[in-house]
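Student: Structure for the following, please:
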Amino acid sequence: MGGNRTVGIGMDYSPTSKSAVRWVVDNLVGEGDRIILIHVLSTKSDSPQKKLWGDKGSPLIPLEEFKEMNLSKQYGISADPEVVQLLDTASKTKKLRVECKVYWGDPREKLCDAVEDLKLGSLVVGSRGLGTFKRVLLGSVSNYVVTNATCAVTVVKGGSGPRA
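Tutor: Model prediction:
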């Protein structure tokens, strides 16, 4: 496997999004592939970065910068050291290119926009595991993305592995 694929991962640092990162590294990507962590922040954010980059999202942030920069101060994101370490190790051992992009808005819509914007070959998201009732009331990001994204989508549940 591997070569020249671009895989997006919806990232909110929840346990299921961390499982999605592990699943991608263990099962999907190989040498020469590219991973893009996609963060979607609330439109209520008043960060200067949101005002600067608006609807198109931030520029791509390479892993080296992602590790060094104060994401909390710049974007209001508290990066998880475990995820950063996992991606750093994978980038070195599998010769992957890892980047991050930040959008503002509805996660459902922005993840689908990212597919087009970043020309993703596949998108991997975690599932919060909402029951039927909550899913109807709150809406499911993973369900929306599976239905509307124009690329292959893999949904990873907590510890039980992926489902398409």
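
Student: which residues of this structure fall in helices?
Tutor: Using DSSP state H, the helices of the chain run over 15-23, 48-53, 63-68, 71-75, 81-93, 107-117, 132-138, 141-148.

Student: Give the residue spans of the chain that score low on pLDDT.
Tutor: 1-2, 43-52, 72, 128-139, 158-164 (pLDDT under 70).

Student: residues touching the nearest residue in space to Val156 that is not next to it in sequence, list them.
Tutor: Among residues not flanking Val156 along the chain, Ala20 sits closest, at 4.3 Å (Cβ to Cβ, 6 or more residues apart in numbering). The C-beta positions use only the backbone N, C-alpha and C, and glycine is treated the same way. The neighbours of Ala20, taking Cβ atoms under 8 Å, 6 or more residues apart in numbering as the test, are Ile9, Gly10, Met11, Val124, Val125, Gly126, Thr154, Val156.

Student: Next, find the distance separating Ala20 from Leu96.
Tutor: 15 Å (Cβ to Cβ, to the nearest Å).

Student: With respect to Gly3, which of the helices of the chain lies nearest?
Tutor: Among these, the nearest to Gly3 by Cβ to Cβ is helix 81-93 (15.6 Å).

Student: I'd like to know which elements the closest one is packed against.
Tutor: helix 15-23, strand 34-41, helix 63-68, strand 97-104 (3 or more Cβ pairs under 8 Å, 6 or more residues apart in numbering; DSSP states H and E).
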